[in-house]
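[1] everything below, folded, please.
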Amino acid sequence: MSAVPVSAILVTYHSGPVLWRALDALRAQTGLDEILVADNGNPAAVRGELERRAAAGQIRLLRNDRNLGFAAACNRAAAQAQGERLLFLNPDAILPPEGLPRMLAAMASEPRPWLAGARLVGADGIERRGGRRGELTPATALGDALGFGSFNRHREPLPTGPVPMPTVSGACLLIPAADFRALGGFDEGYFLHVEDIDLCRRLRGRGGTVWFLPDISVEHEGGSSDAPPLAVERYKLASFRHYFRRYYGGRPDALMVMALIALRFGLRAPFLRRVGRQRPEETGS
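    You can find the predicted model right below:
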């Protein structure tokens, strides 16, 4: 066990085979006290394997009677977590060897409140979008949509050490449990997506610091879920609407961004429907 108890929280819903890689990489981390897995609804074979691992003492399995969404499932797991630090990890995110103790060491002397995120890479080691980002505003959202924005920063030179960053990804996010609870956890108005952006904004609003740790490269597979892609895009659209309404109300630029996001969804919907119909029947993760 670590000097500072750490609870890892992972939410799974039709997550794909990478789930087992994510759990095995977690279990190999030095200094991890417990793994809480929130089952938001999985095929029978996956549930059986999760129950087997829980019986073997590898995880604490929290069974939800329906898909609560990511934010709500994380909050319910965090309420039961015993650690002084919470590590939120996507079920398709693979921590590198000794990734957790390195994250803890990087943040050991930083004043609270804080949260820290990792560099997200593909299997090829190339950095992906999302690990380090600016503040999401109507201007940065529009700029990114047009190809000249400053919200996603993965193409910028990599810092040589931990640096403050307006926004990091919830795919791998470390935060003191007391700070997470003081913020009220994730905003459950987000069913899926954008809840990490909102959490970073609220923590900075309380005088805290969001840290990007470039030396921690987490393999983030992405797109591994069997969930219907059209439904995922609907949730993303609803989350962006919730965010811009919350922080920018009826401002014309925010309304324009929301209209553009809705237009993008409408243009992609026929393709996403076809992709969903072509997917095989759900037989496991």
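[2] who are the packing partners of the lengthiest helix in the chain?
    As assigned by DSSP state H, the longest helix anywhere in the chain is helix 252-278. If you count contacts as 3 or more C-beta pairs under 8 Å, 6 or more residues apart in numbering; DSSP states H and E, helix 252-278 packs onto helix 138-146, helix 229-248. All C-beta atoms are positioned from the backbone trio N, CA, C, and that covers glycine.
[3] and that helix, how far out from the chain's middle?
    22 Å (C-alpha atoms, centre = their mean, to the nearest Å).
[4] I'd guessed Val6 sits against Arg85; true?
    Yes - here Val6 reaches Arg85: they are 4.6 Å apart, a contact under C-beta atoms under 8 Å.
[5] identify the contacts common to these two.
    Shared contacts of Val6 and Arg85 (C-beta atoms under 8 Å, 6 or more residues apart in numbering): Leu104.
[6] hmm, back to that, residues of the longest helix of the chain that come out buried?
    254, 257-258, 261, 265, 272 (16 or more other C-beta atoms under 10 Å).
[7] got the angle between it and helix 229-248?
    Interaxial angle, helix 252-278 versus helix 229-248 (axes from the mean of the first three to the mean of the last three C-alpha atoms, to 10 degrees): 170 degrees.
[8] alpha carbons of stretch 3-20, as PDB, please.
    What follows is stretch 3-20, C-alpha atoms only, in PDB (Å, rounded to 0.1, in the frame of the first residue of the first chain):
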ATOM      1  CA  ALA A   3       1.800   6.200   2.000                       C
ATOM      2  CA  VAL A   4      -1.300   8.000   0.700                       C
ATOM      3  CA  PRO A   5      -4.200   5.500   0.100                       C
ATOM      4  CA  VAL A   6      -5.300   5.500  -3.500                       C
ATOM      5  CA  SER A   7      -8.600   4.300  -4.900                       C
ATOM      6  CA  ALA A   8      -9.000   3.700  -8.700                       C
ATOM      7  CA  ILE A   9     -12.400   4.100 -10.200                       C
ATOM      8  CA  LEU A  10     -13.400   2.700 -13.500                       C
ATOM      9  CA  VAL A  11     -16.800   2.800 -15.200                       C
ATOM     10  CA  THR A  12     -17.700   0.100 -17.700                       C
ATOM     11  CA  TYR A  13     -20.500  -0.200 -20.200                       C
ATOM     12  CA  HIS A  14     -20.000  -2.600 -23.200                       C
ATOM     13  CA  SER A  15     -16.300  -1.500 -23.000                       C
ATOM     14  CA  GLY A  16     -14.700  -4.100 -25.300                       C
ATOM     15  CA  PRO A  17     -11.800  -6.500 -24.600                       C
ATOM     16  CA  VAL A  18      -9.500  -3.600 -23.700                       C
ATOM     17  CA  LEU A  19     -11.200  -3.600 -20.400                       C
ATOM     18  CA  TRP A  20      -9.200  -6.600 -19.200                       C
END
